[in-house]
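Trainee: Structure of the sequence below:
(one chain, ligands or ions: 2)
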Amino acid sequence: MRTSIATVSLSGSLTEKLTAASRAGFDGVEIFENDLLASPLTPEEIRARCADLGLTVDLYQPMRDIEAVPPDEFTRNLRRARHKFELMGRLGADTVLVCSSVSPLAVDDDALAAEQLSELAGLAQDFGIRVAYEALAWGRHVSTYDHAWHIVETAGHPALGTCLDSFHILSRVSGPKDLEGIEAIPGEKIFFLQLADAPLLAMDVLQWSRHYRCFPGQGGFDVAGLLGHVLRTGYDGPLSLEIFNDVFRQAEAGPTAVDARRSLLVLQEAVGAVAPPAPVVPTGVAFAELVTPDADPLSTLLRALGFARTARHRSKPVDLWQQGAAGVLVNTGTAVRRDGTRLAAIGLESPDPAAAARRAEALLAPVLPRRRAPEDALLDAVAAPDGTELFFCATNRPRLPDWRADFEDVEHPAAASDVSGIDHLALTQPWHHFDEAALFHRSVLGLKAQESVDVADPYGLLRSRAVTTPDGSVRIALSVGAAPTDDTVHAQHIALATDDVVTAARRFLTAGGRLLPIPVNYYDDLAARYEFADGELETYRELGILYDRDAHGTFRHCYTHTVGRVFFELVQRDGGYRGYGAPNAPVRLAAQHAVRRLTGG
Ligand SMILES: O=C(O)c1ccc(O)c(O)c1
Ligand SMILES: [Mg+2]
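Mentor: Ligands and ions are numbered 1, 2, ... in the order given. Okay, here's the model as predicted:
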């Protein structure tokens, strides 16, 4: 199955777009007219460049406002078309996309539309070109795929077929029944297939299409279901991504093209067209690794939280801190002073580390060297889109390399028993990697993505989306701001699970820790929303504990101060509560901004 991508989906000059598409492994491209017009290269040079890069020019697009117009207007359209067909000859493109007219001159007359498209196809045929007619969801008289097909069928011209675009189709249908008509179209009359997803938004369809499309699997449409219908017609043309997206227009083309290819691979897997190694769902978090130029502030913080330094890496300045099942590595070896303290890696307990890495690689995740130093154990690891290293680990399992083998136990006082494990990890994503990150964690790691939620920050709006295993043994909360963010506030954090957040918080304070102070107004509001036992609310207010409830249970949580770009959260999750305290996040963010203003860090 050939894969293709429209140049409009990627940022940069035409040359940059073509290079990115080729490097990511696409077979072909749709060339958007604007990209050609703005290019200093001649059509012949573009053709040669594509050939050098191993890309075919699968589509030239779009031609607009062609059909169902008065005769003199149509004569002008044919003149324009002849010009473009000559250009396409020079470019080496044999299919042109004609989108349904939005012109005020167009009349509601299917017979006229069919007659004129047939005439256009006749002219195209003289140039060895095929015309693919696409219904824009906002077309003036033709806005649905079955209407466009009806006109193509009526025209009955061999050089005229239809182009199906999943956005235009799925933004208009009200249920799966509406898609069944696709299978009534003979596969050979579907001249092209464009695939795009989009978040489910209630807005004008043109704006939705031009700004919010995203790669399949990143939005709310059932693109795989639609693809299934199309493939059952016998369609064997390219699967092409046509994504108008404000973020992709700005982000670097190279990573966007890789994200695009991964999206298509996952989509092809969903319809059984490719079979990468199956997902190996992690079963827990073995460790979180912090990299820091100065271990002292972290050691102080971890000790106050009740952790004990239990082991040291045999060959590198890396300490293992443990409490309950929670493991935190503190690495002073690879820190870049300018980056400060940050969460650099996550160890995921994996039932089959090597197989997990094979899937990641098949889905284009950058694979990291298996051995970081000659004496280290072999560990499989890949990089997530934000650069976080993901290790697929085994702990104490016969026949598998054990990450613990690289560590030597050290004398240590007993850890406290307040923290039982890692509840979740919260990773701030670079602004242009959010959708990619969710798809990556879902497809590569086999996690499930929850709905994304908006969180108000005093200086911006954050989007947050959790990816988890079904049993909650691994929970990662991804978040992103719309603008460049304050790294010390929009930091990454490690949420530690406790059965008793009040005791854990008190212990932490007694040991010299500092908890994030929460305004009294917050507790007044809590008192209005919920009934608490005598004294309960007062305790929360005293300690800075936040509270939330959902249909399943309750959530009590508080935050430590921040070291570099990292802070900790103590979390008591009861009764199967599913969330992350999102309603409290604006209060937490404001409080962190306030602390930062006071302390400058
Ligand atoms: O937004 C548009 O105009 C436009 C143009 C060409 C397409 O293939 C499309 O799906 C939309
Ligand atoms: Mg389209």
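
Trainee: Return the set of residues that bridge with the one residue in the chain that gets nearest to ligand 2.
Mentor: Nearest residue of the chain to ligand 2, counting by CB to the ion: Asp165, 3.5 Å away. C-beta here means a position set from N, CA and C on the backbone, and glycine is covered the same way. Beta bridges link Asp165 to Gln194 when assigned by DSSP bridges.

Trainee: Which residues are in contact with the residue in the stretch 151-300 of the chain that ligand 1 sits nearest to?
Mentor: Nearest residue of the stretch 151-300 of the chain to ligand 1, counting by CB to the nearest ligand atom: Asp165, 4.6 Å away. With contacts defined as CB atoms under 8 Å, 6 or more residues apart in numbering, Asp165 is in contact with Glu134, Leu193, Gln194, Leu195, Ala196, Glu242.

Trainee: Reformat those residues as CSV; add pLDDT and neighbour count.
Mentor: Listed next are these as CSV, based on pLDDT from 0 to 100; neighbours: other CB atoms under 10 Å:
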residue, pLDDT, neighbour count
Glu134, 98, 23
Leu193, 98, 23
Gln194, 98, 25
Leu195, 98, 29
Ala196, 98, 28
Glu242, 98, 28
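
Trainee: Okay, now the unreliable bits of the stretch 201-350 of the chain?
Mentor: Scanning the stretch 201-350 of the chain for pLDDT under 70 picks out 335.

Trainee: What residues does it have near ligand 1?
Mentor: Within reach of ligand 1 by CB under 6 Å from any ligand atom, the stretch 201-350 of the chain has these residues: Ser209, Arg210, Glu242.

Trainee: coming back round to it: what about the residue of the stretch 151-300 of the chain closest to ligand 1, distance to Ile129?
Mentor: 20 Å (CB to CB, to the nearest Å).

Trainee: Ok, Tyr547 next?
Mentor: 66 Å.

Trainee: ok, now Asn331?
Mentor: Taking CB to CB as the measure, Asn331 falls 59 Å from Ile129.

Trainee: Same question for Glu269.
Mentor: 34 Å.

Trainee: Have a look at these two and say which one is more surrounded.
Mentor: Ile129 (21 against 18; other CB atoms under 10 Å).

Trainee: per-residue confidence at the more buried one?
Mentor: Looking at Ile129, its pLDDT stands at 98.

Trainee: Now do the contacts for it.
Mentor: Counted by CB under 8 Å, 6+ apart, Ile129 has contacts Phe85, Met88, Gly89, Ala93, Asp94, Thr95, Val96, Ala159.

Trainee: Same check on Leu400?
Mentor: So Leu400 contacts Pro353, Ala394 (CB under 8 Å, 6+ apart).

Trainee: Could you list the buried residues of the host helix or strand of Arg312?
Mentor: Arg312 belongs to strand 308-313 when elements are defined using DSSP states H and E. Buried residues in strand 308-313, counting neighbours by 16 or more other CB atoms under 10 Å, are found at Ala308, Arg309, Thr310, Ala311, Arg312, His313.

Trainee: From the residues of the stretch 201-350 of the chain next to ligand 1, which land in helices?
Mentor: Counting by DSSP state H, the part of these found in helices is Ser209, Arg210.

Trainee: ok, and the closest non-adjacent residue to Leu195?
Mentor: Ser166 (5.0 Å; CB to CB, 6 or more residues apart in numbering).

Trainee: Hmm, I typed the wrong one, I wanted Ile545.
Mentor: Per CB to CB, 6+ apart, closest to Ile545 is Cys558, 4.7 Å.

Trainee: For that neighbour, the count of nearby residues, please.
Mentor: Neighbours of Cys558 (other CB under 10 Å): 23.

Trainee: Report the contact partners of it.
Mentor: Val501, Ala505, Leu515, Leu516, Leu543, Gly544, Ile545, Leu546, Glu569, Leu570.

Trainee: next helix or strand past the strand or helix carrying it?
Mentor: Assigned by DSSP H and E, Cys558 falls within strand 554-563. Next in sequence after strand 554-563, counting helices and strands by DSSP H and E, comes strand 566-574.

Trainee: hey, where'd the strands end up in the stretch 351-500 of the chain?
Mentor: Assigned by DSSP state E, counting those that start in this stretch, the strands in the stretch 351-500 of the chain fall at 367-368, 380-383, 389-393, 407-409, 419-428, 448-449, 453-457, 460-468, 475-481, 492-498.

Trainee: What lies in contact with the last one?
Mentor: With contacts defined as CB under 8 Å, 6+ apart, strand 492-498 is touched by 288, 305, 323-324, 326, 328, 342-343, 418-428, 504, 557, 559, 565-573, 580.

Trainee: mind listing what's buried in stretch 315-328?
Mentor: Lys316, Val318, Asp319, Leu320, Trp321, Gln322, Gln323, Gly324, Ala326, Gly327, Val328.

Trainee: Out of those residues, which sit inside strands?
Mentor: The strands, defined by DSSP state E, take in Val318, Asp319, Leu320, Trp321, Gln322, Gln323, Ala326, Gly327, Val328 from the buried residues of stretch 315-328.

Trainee: Can you tell me which of those residues is nearest Ala251?
Mentor: Proximity of these to Ala251, judged by CB to CB, is greatest for Val328, which lies at 32.1 Å.

Trainee: quick one: low-confidence parts of the protein?
Mentor: Those would be 335, 482-490, 600-601, if you go by pLDDT under 70 across the chain.

Trainee: change it to 50
Mentor: Applying pLDDT under 50 to the chain flags the ranges 601.

Trainee: Could you pull out the buried residues of the longest helix along it?
Mentor: Looking across the chain with DSSP H, the single longest helix is helix 71-91. Buried residues in helix 71-91, counting neighbours by 16+ other CB under 10 Å, are found at Glu73, Phe74, Asn77, Leu78, Ala81, Lys84, Phe85, Leu87, Met88, Leu91.

Trainee: what number of residues lie near Leu206?
Mentor: Leu206, neighbours per other CB under 10 Å, totals 13.
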